[in-house]
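Visitor: Sequence first, predicted model second:
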Amino acid sequence: MNPTESKAGAAAVATAPKKDPVLLVDDEQALLDVFVAALSPHFDITTASNAREADFILQKKTFKVVVADHLMPGGNGMNFLVRAREEFPHMQRILVTGYMKPEMLLRSVNEAALFRYLLKPVAMQELIKVVQDAAKACNASLAAAS
């Protein structure tokens, strides 16, 4: 490779659009792996396997979107999203659940101010579209606040 080729490659990397940061929280590693595979071409993905780990990560890095499973050992995703709303109001919150009673879902949407909720099994195209829309909503919220 000649010096011109390496400069062109470096320029391409430098001009690549920055991916929006997204946090995925789920205790099922297989599901996390599938979500990461679907979302990583579009977003900068960080994962956590429980709510406590996710709380710690949120203190270290800023995210535009968090996608959390509802039922996890060691703290449920809904309570985590309520805390996340209080501390990071512009970050958009998406809840993934396998089952939820309608009254519980309504309370969840209101308390955590969810951007959306997704029922398992989640179609990957739907997941990508919802996270893209949530990242846009975060940008709009930040722009309106400034």
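Guide: Cool, got the structure.

Visitor: which residues sit in contact with residue 23?
Guide: Contacts for residue 23 were tallied using Cβ atoms under 8 Å, 6 or more residues apart in numbering; they are 46-48, 54, 57-58, 61, 63, 65-67. For the C-beta atoms, the positions are set from N, CA and C on the backbone; glycine is no exception.

Visitor: So how do I select the buried members of those residues in PyMOL?
Guide: Buried members of these, defined by 16 or more other Cβ atoms under 10 Å, are picked up in PyMOL with:
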select buried, resi 46+47+48+54+57+58+63+65+66+67
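
Visitor: for this protein, which helix is longest?
Guide: Determined from DSSP state H, the single longest helix within the chain is helix 124-145.

Visitor: pLDDT on that one, on average?
Guide: Confidence over helix 124-145 (mean pLDDT, whole number) is 97.

Visitor: so how far is it from its chain's centroid?
Guide: 10 Å (Cα atoms, centre = their mean, to the nearest Å).

Visitor: who touches that helix?
Guide: 20, 22, 34-35, 38-39, 42-43, 64-65, 67, 89-92, 94, 115-116, 118.

Visitor: Could you do stretch 79-92 as well?
Guide: Residues from elsewhere that reach stretch 79-92, judged by Cβ under 8 Å, 6+ apart: 25, 51, 54-55, 58, 62-66, 68, 93, 95, 108, 111-115, 134-135, 137-138, 141-142, 145.

Visitor: Out of those, list just those in helices.
Guide: 51, 54-55, 58, 108, 111-112, 134-135, 137-138, 141-142, 145.

Visitor: Neighbour-wise, give me the winner out of these.
Guide: residue 54 (26 neighbours; other Cβ atoms under 10 Å).

Visitor: Report the separation between residue 47 and residue 144.
Guide: Separation of residue 47 from residue 144 (Cβ to Cβ, to the nearest Å): 30 Å.

Visitor: thinking again about what came up before, among the contacts of helix 124-145, which ones are buried?
Guide: If you count burial by 16+ other Cβ under 10 Å, the buried members of the contacts of helix 124-145 come out as 20, 22, 34-35, 38-39, 43, 64-65, 67, 90-92, 94, 115-116, 118.
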